[in-house]
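S.K.: all I have is the shape, not the residue letters:
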């Protein structure tokens, strides 16, 4: 085995929506600067990588390379402006799209991936790292307020119960978290998971088109992560 194939190779798995990818890349760039012999393969969708890796930064680090993974949208399909629809398609493509991207990174570099650094929102990454026999480093890229809501899920449920008043905020917890934004108040037998996700059901009720299927996938994964 060559020395190159023995080199440290970190696969960085980004969540390509909102502001998730940028802070993860910022961390990777700092790590790459202090560890110039470590290779970092940054995996995200093409659209996300285009935003996150401007042309002036693509070659800034010799040991950081972006790789595009499939966003899950069927070829030729045009999705609406609802962001939850695209998220739904992406979630349906997990984790196979990332596995394909990592295989490409290994083939092009000749170096086996021996560590996963991922957005903590990618819940499957722990199992994937165990399957690969490599360390997993989850990185929470979102705000501290949302993390507090996740950590205090049980406290919030007990305190608020099935309240119908969603106009207030959670004064007992740090951070300006509005009750109306908390999907964790959904019950397992409820079909909806917050107003934002309800909108992702599709523009026309009763039509189970591709966009609606993608939106429903987002809703179900939302429930799986936040309720279970």
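M.R.: Great, that's in hand. Owing to the predicted nature of the structure, the values given are computational and were not obtained by experimental measurement. Numbers count the residues shown, from 1 in each chain.

S.K.: show me where the chain has its strands.
M.R.: All strands of the chain, identified by DSSP state E, fall at 9-13, 39-45, 64-69, 115-119, 136-139.

S.K.: which residues does the last one contact?
M.R.: Applying C-beta atoms under 8 Å, 6 or more residues apart in numbering, the contact partners of strand 136-139 are 24, 27, 115-120, 125-126, 128-130. C-betas here are computed from N, CA, C, even on glycine.

S.K.: so which of the residues you listed is the closest to residue 42?
M.R.: Residue 42 has its nearest neighbour among the contacts of strand 136-139 in residue 24, at 8.1 Å by C-beta to C-beta.

S.K.: domain parsing of this structure, as residue ranges.
M.R.: Annotated domains of the chain cover 9-141, 143-188+218-227 [the TED database].

S.K.: could you single out the most deeply buried of these?
M.R.: Burial of those is given as mean neighbour count (mean count of other C-beta atoms under 10 Å); domain 9-141 ranks first at a mean of 17.

S.K.: for stretch 28-47, give the mean pLDDT please.
M.R.: For stretch 28-47, the mean pLDDT works out to 96.

S.K.: may I see the strands of the chain organised as JSON lines, with distance to residue 33 added?
M.R.: Formatted as JSON lines, these follow (distance: least, C-beta to C-beta, whole Å):
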{"stretch": "strand 9-13", "distance to residue 33": "14"}
{"stretch": "strand 39-45", "distance to residue 33": "11"}
{"stretch": "strand 64-69", "distance to residue 33": "10"}
{"stretch": "strand 115-119", "distance to residue 33": "15"}
{"stretch": "strand 136-139", "distance to residue 33": "17"}
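
S.K.: what's the least confident helix or strand in the protein, going by average pLDDT?
M.R.: helix 195-198 (a mean of 38; mean pLDDT, DSSP states H and E).

S.K.: now tell me what touches stretch 69-81 from outside.
M.R.: 16, 43-47, 85-86, 89-93, 97-98, 100-101, 203, 210-211, 214.

S.K.: that stretch: end-to-end distance?
M.R.: Distance across stretch 69-81, first residue to last, is 21 Å (C-alpha to C-alpha, to the nearest Å).

S.K.: ditto for stretch 147-156
M.R.: End-to-end distance of stretch 147-156 (C-alpha to C-alpha): 13 Å.

S.K.: numbering from 31 from now on, please.
M.R.: Understood, numbering begins at 31; the last thing we discussed is stretch 177-186.

S.K.: thinking again about what came up before, which one of the contacts of strand 166-169 is nearest residue 189?
M.R.: Distance to residue 189 across the contacts of strand 166-169 (C-beta to C-beta) is lowest for residue 150, with 24.8 Å.

S.K.: determine which two of the contacts of strand 166-169 are furthest apart.
M.R.: Most distant of the contacts of strand 166-169, by C-beta to C-beta, are 57 and 160, 22.6 Å apart.
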